[in-house]
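1. Sequence first, predicted model second:
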Amino acid sequence: MQLNDLFPSPGSRTSRKRVGRGNGSGHGSTAGRGDKGQNSRAGGGKGPGFEGGQNPLHMRMPKLGGFKNRNRVEYAVVNVGRLDELFAKGETVDVDALFARGVIKSKTTPVKVLGDGEITKALTVKVDKVSAPARTKVEAAGGTVDLS
C-alpha cells in the first residue's frame, strides 16, 4: 500500500450546499427556505430558548436569593455536655485537647462552645468563642472561660 492509494471512504466527505447561486444550481430563488414567513427572511426565526410565546424555562426558574458573605467565619461547634463527657475535673479545654480526642477535625478551624447539655466539672475553657449560656454553665460549675 502506498500513500497515493489512500482515499476517504465513500460518503464521508460531502461538499457543502451552496444556496442562492441561481436557479441552474437547483438552490436558487428562495434558496431552500420556502416561500414566505418569518423563517424565510434574513435574520428570521426565534432564539434557542423561545417556547412559542410561553414563558421560557430560564424565566420560570427562581432567582438566586441573598448573597454569600466573603468574610463569614465557620466555627467548629462543641457543646458543654460533650466537654463534661470527655474531660476530667481541672483539665484545660483548648484546640489541641479537642483535636487529640477527635472532637474537631482541624486545628486551624476556630472553635465555639455552645450551651447544650449540662456540665458538672470545673474546666478551663480556652477557645475562640463561647455562647452566653455556655459561659454561665461553665462558670456555675466552677470553671473559667478564656477567649483566645
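-> Good, I have the coordinates.
2. could you pull out the helices for the chain?
-> Assignment of helices within the chain using DSSP state H yields the ranges 57-60, 80-86, 95-100, 132-140.
3. Read off the pLDDT value for Pro10.
-> We note a pLDDT of 94 for Pro10 in this prediction.
4. ok, so what distance separates it from Leu3?
-> When C-beta to C-beta, to the nearest Å is the yardstick, Pro10 and Leu3 sit 19 Å from each other. From N, CA and C alone the C-beta is placed, and that goes for glycine too.
5. Deepest in the core, which of the helices of the chain is it.
-> Highest mean neighbour count among these (mean count of other C-beta atoms under 10 Å): helix 80-86, with a mean of 19.
6. Would you mind measuring from the residue lying farthest from the centre of the chain to Asp128?
-> Residue farthest from the centre of the chain, counting by C-alpha atoms, centre = their mean, is Gly24 at 58.4 Å. Plainly put, Gly24 is 84 Å away from Asp128 if you go by C-beta to C-beta.
7. ends of stretch 12-27, how far apart?
-> Taking C-alpha to C-alpha, to the nearest Å, stretch 12-27 runs 22 Å from one end to the other.
8. what comes up buried for that stretch?
-> For stretch 12-27, the buried set under the neighbour-count rule, 16 or more other C-beta atoms under 10 Å, comprises His27.
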